[in-house]
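J.: Pasted the sequence and its predicted model underneath.
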Amino acid sequence: MTFLVTGATGTVGRHIVSHLVEAGHQVRALTRDPAKAVFPEGVEVVAGDLTVTDTLAAAFDGVTAAHLITFGGDDYAPLSNGQEIVDLAVKAGVRRVTVLGGWDESTLEPALKASELEWTFVHPTEFMSNALQWADAVRAEGVVREPFGDATTAMVHEADIAAVAATALVEDGHHGRTYGLTGPERLTTRDKVRIIGEALGRPVEFVELTEDEARARMAAEGQPQELIDFMIDVFGNVPEEPNTVNSVVQDVTGRAPRSFAQWARENVAAFR
């Protein structure tokens, strides 16, 4: 069996590749730039772009199961060619897929639901790796400046997201399931900054920005207005259901989800 992993160089995809390789499976990794890709020994690397269906035929050839993402391109826009991807997968003989979803539904999800493929959707809450956006400021000043210091999320480790996706690819019993993934605890923004400081062995100061200050900073960084509005809305009004701690990671993988403290220790070099 050959497992195709799309988004293979991404935050979650690289962990899926490693998970499958460590379990002894044959893995094919799709990337837009194979020359820059670094994978474990034995991984077959193929060039392709999920947003351009004509580049995918070789990637799907001989594949039994595939991990897909619902977004692509430099702007991470939802896929508009979902039906074409599903048709190609079916024609190639793919039997099972897992799908890492973005915030907005793409054309891929309804195409899969209407197909003969076995599918599992993976919908994580906030990635722990999002905290890497603070690394430059922590290294330079020992300070994190953000709005909504009491905004609370149940961040999930990217390796746990990957473990759920890889398990659903390999094992039976996950068809038709949508897995909302959380970490083991709810943390405020202040908590996250404090935990990073504990991993560093020195305090990291948290400075709370007003909404106007946060908007001005993001605009100065060149963020589009649509993204600014989205970020302010999400963290100013954190959705309750995706951030209610659940046992899905444990139930699917058989192991407890990793804590943010563990993630901080693993990534402490980025903040030094």
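T.: It's in. As the structure is a prediction and not an experimental result, all values here were calculated from the model. Numbering: from 1, shown residues only.

J.: Next up, the contacts around the closest residue in space to Trp263 that isn't next to it in sequence.
T.: Of all residues not flanking Trp263 in the chain, Met128 sits nearest, at 4.3 Å (Cβ to Cβ, 6 or more residues apart in numbering). Heads up, the C-betas are built off the backbone N, CA and C, glycines and all. Contacts for Met128 (Cβ atoms under 8 Å, 6 or more residues apart in numbering) come out as Met155, Val156, His157, Glu158, Gly183, Arg258, Phe260, Trp263.

J.: redo that, cut-off 10 Å
T.: 11, 153, 155-161, 183, 187, 192, 258-260, 262-264, 266-267 (Cβ atoms under 10 Å, 6 or more residues apart in numbering).

J.: Just the helices from the stretch 151-272 of the chain, written as ranges.
T.: 158-170, 189-200, 211-220, 225-236, 248-253, 260-266 (DSSP state H, counting those that start in this stretch).

J.: quick one: which helix or strand includes Ala89?
T.: helix 82-92 (DSSP states H and E).

J.: hmm, back to that, the contacts of Met128, buried ones only, as a PyMOL selection?
T.: Selecting only the buried entries of the contacts of Met128 in PyMOL, with 16 or more other Cβ atoms under 10 Å as the criterion:
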select buried, resi 11+153+155+156+157+158+159+160+161+183+187+192+258+259+260+262+263+264+267
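
J.: Just after the helix holding Ala89, pick out the following helix or strand.
T.: strand 96-100.

J.: relative to helix 158-170, how tilted is that following strand?
T.: Relative orientation of strand 96-100 versus helix 158-170 (axes from the mean of the first three to the mean of the last three Cα atoms, to 10 degrees): 160 degrees.

J.: Pass me the low-pLDDT residue ranges in the stretch 51-200 of the chain, would you?
T.: 74-75 (pLDDT under 70).

J.: In the stretch 1-150 of the chain, what residue spans correspond to helices?
T.: 13-22, 57-60, 82-92, 108-113, 135-141.

J.: Looking at the ones you listed, which is nearest to Asp251?
T.: helix 13-22 (17.1 Å; Cβ to Cβ).

J.: Output the closest one in CSV, but only the C-alpha positions, please.
T.: What follows is helix 13-22, C-alpha atoms only, in CSV (Å, rounded to 0.1, in the frame of the first residue of the first chain):
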residue,chain,number,x,y,z
GLY,A,13,1.7,17.1,6.9
ARG,A,14,5.3,16.6,7.9
HIS,A,15,4.2,14.9,11.1
ILE,A,16,1.8,12.6,9.1
VAL,A,17,4.7,11.6,6.8
SER,A,18,6.9,10.8,9.8
HIS,A,19,4.1,8.9,11.6
LEU,A,20,3.4,6.7,8.6
VAL,A,21,7.1,6.0,7.9
GLU,A,22,7.7,5.1,11.5
